[in-house]
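K.L.:
structure, please.
(one chain, ligands or ions: 2)
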Amino acid sequence: MGSTPANLESSLSVPSVQELASQRPNRVPARYIRDEDGDDIIGTNPSHPSLRVPFIDMAKLVNADTQQHELQKLHLACKNWGVFQLVNHGLPNTSLKKMGNQVERFFELPLQEKKRWAQRPGSLEGYGQAFVTSDDQKLDWNDMIFLKCLPIQDRKLDLWPQNPPEFRGTLERYSEDIREVTISIVKFITMSLGIQDTHISESFREGLYSIRMNCYPPCPEPERVLGIVAHADNSGITLLLDCADFSGLQFLKDKTWVNVEPIEGAIVVNIGQILEVMSNGIYKAPVHRAVVNKLKERFSIVTFCYPSPHTDIGPSNELIGEGNVAIYKKLTHAKYFSKFFNRDLDESMAPKSLQSKKRKSIGESSSAVQEVFRSIEHATYSVKLGAMLGVGWRWHWAVCHYAWAYHVS
Ligand SMILES: O=C(O)CCC(=O)C(=O)O
Ligand SMILES: [Fe+2]
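P.N.:
Ligands and ions are numbered 1, 2, ... in the order given. Below is the predicted model:
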């Protein structure tokens with residue numbers, strides 16, 4: 001696949017956050033402290049309790065009597081939020097719990113044991129931290145293990161933990177189950193857009209599925225750090241299992257960070273940038289982040305789902321014509337990733353309108369991604385991606401680092 005930018009080819013090793021937290025410091029090291037005047041910390045506004053991430057009931061989508069009504073809800077959820085909590089999706093709570101339990105048991109292991117499956121230079125896959133490319137880069141309060149799960153031939157089993165003993169089998173099964181849910185929910189999402197053709201949802205049958213398992217240790221100064229800095233996912237769609245009984249995941253909605261209150265058995269589904277493009281911007285990839293807790297550790301299991309690499313990424317033909325112009329260019333899967341992540345970086349070239357420090361509303365997400373695609377049309381247009389997205393470099397990092405993993409073998 002595409003070449004990899006030099007600055008992404010190696011990762012500087014940083015301490016395990018779990019180890020740091022286990023020493024019970026009173027203060028957080030400076031590298032984790034976010035800039036309160038910059039683009040990182042925008043406080044949650046608790047005065048909007050009415051803002052709640054919508055719920056979608058898969059059983060109602062499947063039932064012919066309730067389908068139309070639930071499709072309408074789904075359409076509004078995707079259009080206004082880009083995220084929803086999916087219930088009655090068919091995955092038994094016991095399976096979800098088992099997956100969560102295996103992840104917790106993995107992170108409970110001594111550091112040296114976890115390091116048996118540590119990331120290697122040049123790849124994000126394995127146990128470690130999100131990639132770190134410079135000594136002054138701010139760090140997330142997060143340890144993780146990131147693994148490509150499907151298709152099976154993409155698995156690097158030497159990075160798949162064998163401790164706890166049931167980890168591998170549970171993850172294998174979980175990724176296959178998640179694929180089924182993904183195909184179904186993408187089918188309903190395309191129906192909610194009025195698309196008749198099922199090729200988009202079918203492209204997820206041969207799709208790529210990578211799972212990032214996150215551990216957010218307790219933090220002495222939670223309001224000064226982030227578990228994961230604000231970003232939008234570059235996936236087709238992302239399915240997140242929240243293993244906690246308290247909130248940590250937040251979505252930016254109407255300039256306010258809204259907590260996702262975990263619901264037992266629910267899966268949080270958010271639109272990724274590929275579906276944003278396929279929907280011709282009708283649905284947007286929402287900006288989200290993770291915050292951390294002073295006393296409690298939190299785990300999440302995040303599946304990034306991509307359509308088959310043989311699928312072109314562009315607006316659905318059914319959504320253009322009759323006065324609706326394609327606002328994104330169609331690209332091959334490979335080109336989408338290589339153009340997105342292997343560009344010559346030069347912030348000064350960014351359009352003025354996108355150079356604002358803060359990206360506050362999901363409405364801006366669309367124009368940001370459009371701008372990327374437009375600039376791709378003019379290949380000479382060399383722009384720093386983070387600036388194009390109207391955000392800082394650290395945010396850029398969070399946006400791109402998952403997909404980059406596909407390009408490094
Ligand atoms: O763990 C969370 O709540 C958020 C994780 C996330 O957004 C990601 O891994 O992309
Ligand atoms: Fe994310």
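
K.L.:
need the three-state assignment for Tyr209.
P.N.:
Secondary structure for Tyr209, judged by DSSP: H, G, I helix; E, B strand; the rest coil, is strand.

K.L.:
count of residues packed around the nearest residue to it once chain neighbours are set aside?
P.N.:
Excluding its sequence neighbours, the residue lying closest to Tyr209 (Cβ to Cβ, 6 or more residues apart in numbering) is Leu150, at 4.0 Å. No exception for glycine: its C-beta is placed from N, CA and C like everyone else's. Around Leu150 there are 21 other residues, counting by other Cβ atoms under 10 Å.

K.L.:
cool, the one 10 residues further on as well?
P.N.:
Each residue near Trp160 was counted by other Cβ under 10 Å, and the total is 18.

K.L.:
what do you get for the one 10 residues further on?
P.N.:
Each residue near Thr170 was counted by other Cβ under 10 Å, and the total is 18.

K.L.:
surely it and Met99 touch.
P.N.:
Yes: checked against Cβ atoms under 8 Å, the pair Thr170 and Met99 is within contact range at 5.6 Å.

K.L.:
quick one on the thing from earlier: you'd agree the residue nearest to Tyr209 is up against Leu208?
P.N.:
Yes: between Leu150 and Leu208 a contact is recorded at 6.8 Å, counting by Cβ under 8 Å.

K.L.:
quick one, strands of the stretch 251-400 of the chain?
P.N.:
256-259, 267-271, 288-290, 298-306 (DSSP state E, counting those that start in this stretch).

K.L.:
wait, which of the ones you listed is closest to Gly122?
P.N.:
Gly122 lies closest to strand 298-306 among the strands of the stretch 251-400 of the chain, at 19.5 Å (Cβ to Cβ).

K.L.:
ok so, going back, now mean pLDDT and distance to ligand 1 too, for the strands of the stretch 251-400 of the chain, in TSV please.
P.N.:
Output for those, formatted as TSV (pLDDT from 0 to 100; distance: least, Cβ to the nearest ligand atom, whole Å):
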stretch	mean pLDDT	distance to ligand 1
strand 256-259	90	10
strand 267-271	98	8
strand 288-290	94	4
strand 298-306	98	3
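
K.L.:
that older thread, now the residue nearest to Tyr209: how far from ligand 1?
P.N.:
Distance from Leu150 to ligand 1, counting by Cβ to the nearest ligand atom, to the nearest Å: 17 Å.

K.L.:
give me every residue that touches that residue.
P.N.:
Ser175, Glu176, Arg179, Gly207, Leu208, Tyr209 (Cβ atoms under 8 Å, 6 or more residues apart in numbering).

K.L.:
so what pLDDT did the third one get?
P.N.:
According to the prediction, Arg179 has pLDDT 98.

K.L.:
so which helix or strand takes in it?
P.N.:
helix 167-192 (DSSP states H and E).

K.L.:
returning to what we had before: hmm, which of the contacts of Leu150 are the buried ones?
P.N.:
Neighbour counting over those (16 or more other Cβ atoms under 10 Å) leaves Ser175, Arg179, Gly207, Leu208, Tyr209 as the buried ones.

K.L.:
identify the residues contacting stretch 158-165?
P.N.:
Outside stretch 158-165, the residues that reach it (Cβ under 8 Å, 6+ apart) are 102, 105-106, 109, 113-114, 116-117, 119, 125-127, 145, 147, 167-168, 171.

K.L.:
SS state for Lys79?
P.N.:
Lys79 ends up helix, using three-state DSSP.

K.L.:
ugh, wrong one, I meant Asn26
P.N.:
Asn26 carries the three-state label coil when classified by three-state DSSP.

K.L.:
which parts of this protein sit against ligand 1?
P.N.:
Within the chain, the positions adjacent to ligand 1 are Arg212, Asn214, Ile228, Asp233, Gly248, Leu249, His288, Ala290, Ser300, Val302 by Cβ under 6 Å from any ligand atom.

K.L.:
what about the third one, distance to Val277?
P.N.:
Spelled out, it's Ile228. 23 Å (Cβ to Cβ, to the nearest Å).

K.L.:
out of the two, which sits in the more crowded spot?
P.N.:
Val277 (28 against 24).

K.L.:
report pLDDT for the more buried one.
P.N.:
Value for Val277, per-residue pLDDT: 95.

K.L.:
any figure for the gap between the residue nearest to it when sequence neighbours are not counted and Ser279?
P.N.:
In space, and not counting its chain neighbours, Val277 is closest to Tyr328: 4.6 Å by Cβ to Cβ, 6+ apart. As judged by Cβ to Cβ, Tyr328 and Ser279 stand 10 Å apart.

K.L.:
much appreciated, bye for now.
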